[in-house]
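Q: predicted coordinates and the sequence they were generated for:
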Amino acid sequence: MTDPAAPSTNERRLKRFLNIVTASVSLIIAIAFPAIYFASGYRFEARQAEHHATMIANTVSEIATIAPEYWRFQTERIVDMAGLLHRNAPHYMPRHGVVLYDRSGAVVLRIGMSDPGLTLSRASRIEDGVSTSGLVEVRVSLRRLIGEVLAVACFGALASLILFYMFWRFPRLTLRPLLSEIECYRLRLERTNADLQGFVYLISHDLRSPLQTVKLFAELLHRRYGQALDERGEEMHGFIVKGIGRIEAQLGGLREYATLYRDTALETQDTAELVNAVLADMEADVVAVGARVDVGPLPTVPAVPLQLRTLVQNLIGNALKYRHPDRAPEIRITATVEGAYWHLTVADNGIGIAPENNTRIFDIFSRLHPADTHSGVGIGLALCKRVTDNHGGRIWVASESDVGSTFHVMLPTTPMAGMGHAAG
């Protein structure tokens, strides 16, 4: 019995997913965001420093061109230009400093930072129209930028902790009641299905006894009073016997359909070996109709052996039953891997199926042909669909009338969640 207080599988998976998401977001906030902030700030400051150095160098170059021998003494204009630059952008002032060098490398002028510490520098040449007359170097202090990055990192770490805690508590505070309700509905549905299966099993089992009684008395009646029956009476007796036979077959199919969930123990099943075993059991039917069966390389799949055998046997039997009257049956069984699924195909050259019936044929007791032309009660393909549903796969058909049908079965290469346990 499942403990209602224990966290469900869905809850554990959701919490694991949220933990991974919040941990990733927390790392982005705590590490990646400060790194991006520093990289973008560094790039921005470098561009600004390069821009400032170019502007000042161009101004000084104009002075050097006019008075190449005396430009170093025209510092007032340079100071005014640098001051104007900083006044237009005062938020650069704490970080930027300007140093002017003459052609010999001697410092002519310093503006701005006196103790830059860790710096980022960009330089631009001063030209007088003939040769290089000096150099303008703009330095940017990275001390404040690093301080801002550390502040952002601290804020990001705090925000990530708060975010992680909120998302860690979120499933317990808000989602757990919802998941508990879903789990209750799931358990209720499982009990309902179990009760329904038991009910169907009992019906199919208990109805056989009165049906056998009807069948027995019909035979006794025919033995005792058969000579008194005319041709019409014999025909009516035949209808009774056939009707009883069809009911017996339907009850047997219903019983098989209801008990298909009872054994759900998964085993590694060699499909090729299983197909060969089914063909060996059906050898008389195959030889009787002159069928040719081609079996390609088949996989090893995790499956319930009895259910997989039911699937294969019904698909092959369906191809033999609905063969074309003008040609010998040809059946091809192949398999390929498609992602996380094995794609099994069973193709035939039989009478085919009309497109509008491609989904109807998988309904229980659904028949497309009269009982006097094709035997059966319409349970085979319904069993195939239930087997694929049990294994987390699916089945469909591609068909064309008078050409043939190809049944496609997708089975997981790994067991789906919930398989491998006996039904409760």
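A: Here it is on my side, so go on. Numbers count the residues shown, from 1 in each chain.
Q: what segments of the stretch 1-150 of the chain are helices?
A: 9-27, 33-66, 75-88, 143-170 (DSSP state H, counting those that start in this stretch).
Q: now the shortest one: mean pLDDT?
A: To tie it back to what came earlier, the one meant is helix 75-88. The predicted model assigns helix 75-88 a mean pLDDT of 54.
Q: ok, now the second one?
A: Per-residue pLDDT values over helix 33-66 give a mean of 81.
Q: sorry, back to before: closest to residue 275 out of the helices of the stretch 1-150 of the chain?
A: helix 9-27 (34.4 Å; Cβ to Cβ). (Each C-beta comes from the backbone N, C-alpha and C, glycine too.)
Q: returning to what we had before: export the helices of the stretch 1-150 of the chain to CSV and tack on mean neighbour count and distance to residue 384?
A: Shown next, in CSV, are the helices of the stretch 1-150 of the chain (neighbours: other Cβ atoms under 10 Å; distance: least, Cβ to Cβ, whole Å):
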stretch, mean neighbour count, distance to residue 384
helix 9-27, 14, 28
helix 33-66, 17, 55
helix 75-88, 14, 80
helix 143-170, 15, 43
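Q: low-confidence stretches in the stretch 201-350 of the chain?
A: 201-206, 249-264 (pLDDT under 70).
Q: the helices in it, which residues?
A: 208-225, 231-258, 271-281, 283-289, 305-321.
Q: what are the buried residues along stretch 96-107?
A: Neighbour-count burial for stretch 96-107, counted by 16 or more other Cβ atoms under 10 Å, picks out 96-102.
Q: nearest to residue 120 among these?
A: residue 96 (9.9 Å).
Q: thought that closest one was touching residue 112?
A: Yes: at 5.6 Å, residue 96 counts as touching residue 112 under the criterion of Cβ atoms under 8 Å.
Q: for the chain, which residue occupies the most central location?
A: residue 340 (10.0 Å; Cα atoms, centre = their mean).
Q: circling back: any chance of CSV for the helices of the stretch 1-150 of the chain, columns distance to residue 362?
A: Listed next are the helices of the stretch 1-150 of the chain as CSV, based on distance: least, Cβ to Cβ, whole Å:
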stretch, distance to residue 362
helix 9-27, 29
helix 33-66, 54
helix 75-88, 78
helix 143-170, 42
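Q: outline the domain layout of the chain.
A: Using automatic domain parsing, the domains assigned to the chain come out as 9-145, 264-424.
Q: would you convert these into JSON lines that also reports distance to residue 187?
A: Output for those, formatted as JSON lines (distance: least, Cβ to Cβ, whole Å):
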{"stretch": "domain 9-145", "distance to residue 187": "12"}
{"stretch": "domain 264-424", "distance to residue 187": "9"}
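Q: which one of those domains lies closest to residue 224?
A: Using Cβ to Cβ, the nearest of those to residue 224 is domain 264-424, at 28.7 Å.
Q: mean neighbour count and distance to residue 59 added to the helices of the stretch 201-350 of the chain, as TSV?
A: Below are the helices of the stretch 201-350 of the chain laid out as TSV (neighbours: other Cβ under 10 Å; distance: least, Cβ to Cβ, whole Å):
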stretch	mean neighbour count	distance to residue 59
helix 208-225	12	108
helix 231-258	14	93
helix 271-281	16	84
helix 283-289	11	99
helix 305-321	21	87
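Q: export these as TSV, with columns for distance to residue 393.
A: TSV is the format used below for the helices of the stretch 201-350 of the chain (distance: least, Cβ to Cβ, whole Å):
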stretch	distance to residue 393
helix 208-225	32
helix 231-258	18
helix 271-281	13
helix 283-289	26
helix 305-321	10
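Q: of all those, which lies closest to residue 44?
A: Going by Cβ to Cβ, the one of the helices of the stretch 201-350 of the chain nearest residue 44 is helix 271-281, 63.7 Å.
Q: contacts for that closest one, please.
A: 286, 293, 295, 297-301, 305, 308-309, 312-313, 316, 333, 335, 344 (Cβ atoms under 8 Å, 6 or more residues apart in numbering).
Q: quick one on the thing from earlier: wait, the residue nearest to the centre of the chain touches residue 413, no?
A: Yes: contact criterion Cβ under 8 Å: residue 340 and residue 413 qualify, at 5.6 Å.
Q: quick one: average pLDDT of stretch 112-124?
A: Per-residue scores along stretch 112-124 average to 74.
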